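1. quick check, what structure comes out for this input:
(chains A, B, C and D)
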There are 2 protein chains.
Amino acid sequence: MKTEKVDKRQAILEAAEKLFCETGYEGTSTRQIAKESGANMAMINYYFGSKEGVFVEIMNERIAGFASQLKIINEDKISALEKLHRVIEGYVNRILNNTAFHKMMHRELSLTQRPEMYDKIKDAMSHNMQLIDRIITDGIEDGTFNKVDVRMVIATIMGTITNIVISPHKVISCSNFDLNNPKDKKMIKERTIAHLQDLTTVYLTTKK
Amino acid sequence: MKTEKVDKRQAILEAAEKLFCETGYEGTSTRQIAKESGANMAMINYYFGSKEGVFVEIMNERIAGFASQLKIINEDKISALEKLHRVIEGYVNRILNNTAFHKMMHRELSLTQRPEMYDKIKDAMSHNMQLIDRIITDGIEDGTFNKVDVRMVIATIMGTITNIVISPHKVISCSNFDLNNPKDKKMIKERTIAHLQDLTTVYLTTKK
DNA sequence: CAAAATTAATCAAACGATTGATTAACTTCC
DNA sequence: GGAAGTTAATCAATCGTTTGATTAATTTTG
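-> Below is the predicted model:
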């Protein structure tokens, strides 16, 4: 006999994240969450206080997970370019392993409501940006990088990855591909990393 | 006495677009639209059939406006690089002049519901992409451009612009700026164009 | 150990409020 | 006078939340 014991609290979180990703926060009802998770509707308020409480909890868990995954890249041995390449690799992998959540995050970021969430996401993002900023600025100061508009370069790196995730897939490649297909995802990851590493190398280190 | 005669139909469209941009489609109620536009609630259904009808109408008008604005860049006299630079300039100007709508478009694009809208936006986007693809591919074929991953370069161009629009503003620059402030907008436009033109020039034309 | 008391988890039902939509009556205008 | 425009009132449906009751598990007590 299979043990059907499940953590209802966790089931609610997982169902809610799935639904929020698919149909947005406003577009998802507490009844849908209850049905999808197999929990009673009252359980949502019992565990999280409110629908928004569920959302906040999802975001907090995710952001905490991301932060803990963030490694210290500053080993003195490697060059600024190598550091940057590692950051790109880590960033692409992380985002393409969580495309649904990343979409949801950007959707939420583009809404002016829920300022608490907005600030949370903003802080998480700006942490990564400061990391990249430090690396590029150091490279410029020690003369290995050209003098560039650092914040624009960061916008290019982050924007490229986001664009890959958000854009309709048929648009990117002439042939079809599906980010839910592991083989396709692997291919797109490698292509994105290769492109961004090549781009940054050429742009930052080519002597004019 | 001031003539208060206003086109209610147009007022509804304008109010709805403003609200959809600010709080999203699901997050905006027909009563809000009515209040904001000064029209009676029934007018929404009278003119557009439904709430979704308003949304579809807004999207259609906008996309039609964009398409008509799209100029023919293919004058044989100028080089592929010059063509690309003009496309970048046009694209940056267009998007930064319509940041609220652009945000809304991306939000809608990241939702799986409303496939009709999804396809409409997708088609409008892919038209622009084909234009850029043609220019870069021509440049590669006649030897003026390096052999690059064309679709990735396009993702970089479009992604950078979108990132500027969507990212929290404090994050981009160390100092604050506001895209609704005309002076700030002008500055960001110029900076974005300069960056993308420099980036593409170096990346596409530097001989290794 | 076992009875009693307490706590946590779960449920069906209902709450008041709000949703998008419709009706029918009323104005305005040509 | 009739078509087009506009209104307040109303509709059924759904929203997020709360309720009171019940079960299951745990702790306390004699």
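
2. from here on, contacts and neighbour counts on C-alpha atoms
-> Fine.

3. hmm, A:C21 is touching A:M104, no?
-> Yes - in this structure, A:C21 is within contact of A:M104 by Cα atoms under 8 Å, at 5.2 Å.

4. can you name the residue of chain A nearest to DNA strand D?
-> A:S29 (3.2 Å; Cα to the nearest atom of the strand).

5. and A:Q197, what helix or strand is that in?
-> helix A:182-205 (DSSP states H and E).

6. list the buried residues for that helix?
-> A:185, A:188-189, A:192-197, A:199-205 (16 or more other Cα atoms under 10 Å in any protein chain shown).

7. swap in stretch A:28-47?
-> Residues A:28-30, A:33-34, A:36-37, A:39-41, A:44 are the ones in stretch A:28-47 that count as buried (16+ other Cα under 10 Å).

8. spell out which parts of chain A neighbour DNA strand C.
-> Selection of chain A residues close to DNA strand C by Cα under 7 Å from any atom of the strand yields A:7-9, A:38-43, A:46.

9. please narrow the residues you listed to those residing in helices.
-> A:8-9, A:41-43, A:46 (DSSP state H).

10. pick the one among these closest to A:T144.
-> A:R9 (51.4 Å; Cα to Cα).

11. do I have it right that that closest one meets A:A42?
-> No - if you go by Cα under 8 Å, A:R9 and A:A42 don't touch, sitting 11.6 Å apart.

12. now tell me which helix or strand of chain A has the poorest mean pLDDT.
-> Ranked by mean pLDDT, DSSP states H and E, the weakest helix or strand in chain A is helix A:169-172, scoring a mean of 62.

13. quick one on the thing from earlier: so how far is A:M41 from the residue of chain A closest to DNA strand D?
-> Distance of A:S29 to A:M41, computed by Cα to Cα, to the nearest Å: 10 Å.

14. cool, A:G27 as well?
-> Taken as Cα to Cα, the span from A:G27 to A:M41 is 17 Å.

15. again with A:I58
-> 18 Å.

16. what's the spacing between A:N128 and DNA strand C?
-> 36 Å (Cα to the nearest atom of the strand, to the nearest Å).

17. count of neighbours near that residue?
-> For A:N128, the neighbour count with other Cα atoms under 10 Å in any protein chain shown is 16.

18. which other helices and strands does the one helix or strand it maps to contact?
-> Assessed by DSSP H and E, A:N128 sits inside helix A:115-141. When contacts are defined as 3 or more Cα pairs under 8 Å, 6 or more residues apart in numbering or on different chains; DSSP states H and E, helix A:115-141 sits against helix A:51-69, helix A:80-96, helix A:99-109, helix A:150-166, helix B:169-172.

19. any chance of CSV for those, columns distance to A:Q130?
-> Output for the helices and strands packed on helix A:115-141, formatted as CSV (distance: least, Cα to Cα, whole Å):
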stretch, distance to A:Q130
helix A:51-69, 13
helix A:80-96, 12
helix A:99-109, 19
helix A:150-166, 10
helix B:169-172, 9
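
20. just name the most buried of those helices.
-> Neighbour counts (mean count of other Cα atoms under 10 Å in any protein chain shown) averaged over each of those peak at helix A:150-166, with a mean of 23.

21. by how many degrees do that one and helix A:99-109 diverge?
-> Calculated by axes from the mean of the first three to the mean of the last three Cα atoms, to 10 degrees, helix A:150-166 forms an angle of 120 degrees with helix A:99-109.

22. helix A:150-166 packs against which elements?
-> Against helix A:150-166 (3+ Cα pairs under 8 Å, 6+ apart) you get helix A:80-96, helix A:99-109, helix A:115-141, helix B:150-166, helix B:169-172.

23. still on that earlier bit, of the helices and strands packed on helix A:115-141, which is nearest B:I95?
-> That would be, of the helices and strands packed on helix A:115-141 and by Cα to Cα, helix A:150-166, which comes in at 14.5 Å.

24. model confidence over the closest one, on average?
-> The average of the pLDDT scores along helix A:150-166 is 95.

25. same question for stretch A:50-64.
-> pLDDT averaged over stretch A:50-64 gives 92.

26. and for stretch A:130-140?
-> 94.

27. residues contacting A:L179?
-> For A:L179, the contacting residues are A:K185, by Cα atoms under 8 Å, 6 or more residues apart in numbering or on different chains.

28. for the residue in chain A that DNA strand C sits nearest to, which non-adjacent residue is spatially closest?
-> Per Cα to the nearest atom of the strand, A:N40 is where chain A lies closest to DNA strand C, at 3.7 Å. Leaving aside its sequence neighbours, A:N40 sits nearest to A:A34 (Cα to Cα, 6 or more residues apart in numbering or on different chains; 5.6 Å).

29. got the phi and psi for that neighbour?
-> phi -60, psi -50 (degrees, to the nearest 10).

30. surely it is in contact with A:V54?
-> No - in this structure, A:A34 is not within contact of A:V54 by Cα under 8 Å, at 11.9 Å.

31. what is in contact with those two at once?
-> A:I44.

32. how close does the residue of chain A closest to DNA strand D get to B:D119?
-> 25 Å.

33. same question for A:Y25.
-> 22 Å.

34. and A:Y25, what does it touch?
-> With Cα under 8 Å, 6+ apart, A:Y25 has these contacts: A:F55.

35. against A:E17, how distant is it?
-> A:Y25 is 9 Å from A:E17, by Cα to Cα.

36. who touches both of those two?
-> A:F55.

37. number of nearby residues for A:E26?
-> As a burial measure, A:E26 scores 14 neighbours (other Cα under 10 Å).

38. I figured it hits B:E26, correct?
-> Yes - using Cα under 8 Å, A:E26 is in contact with B:E26, at 5.6 Å.

39. need the pLDDT of the residue of chain A closest to DNA strand D.
-> 95.

40. next: A:V87.
-> pLDDT, read off for A:V87, is 92.

41. residues in contact with it?
-> Applying Cα under 8 Å, 6+ apart, the residues near A:V87 are A:73, A:132.

42. how close does it get to B:F55?
-> With Cα to Cα as the criterion, A:V87 and B:F55 are 40 Å apart.

43. now swap in A:A39 and tell me
-> Between A:A39 and B:F55 the computed distance is 34 Å (Cα to Cα).

44. cool, A:V92 as well?
-> From A:V92 to B:F55 the distance is 34 Å (Cα to Cα).

45. and for A:L111?
-> Relative to B:F55, and taking Cα to Cα, A:L111 is found at 17 Å.
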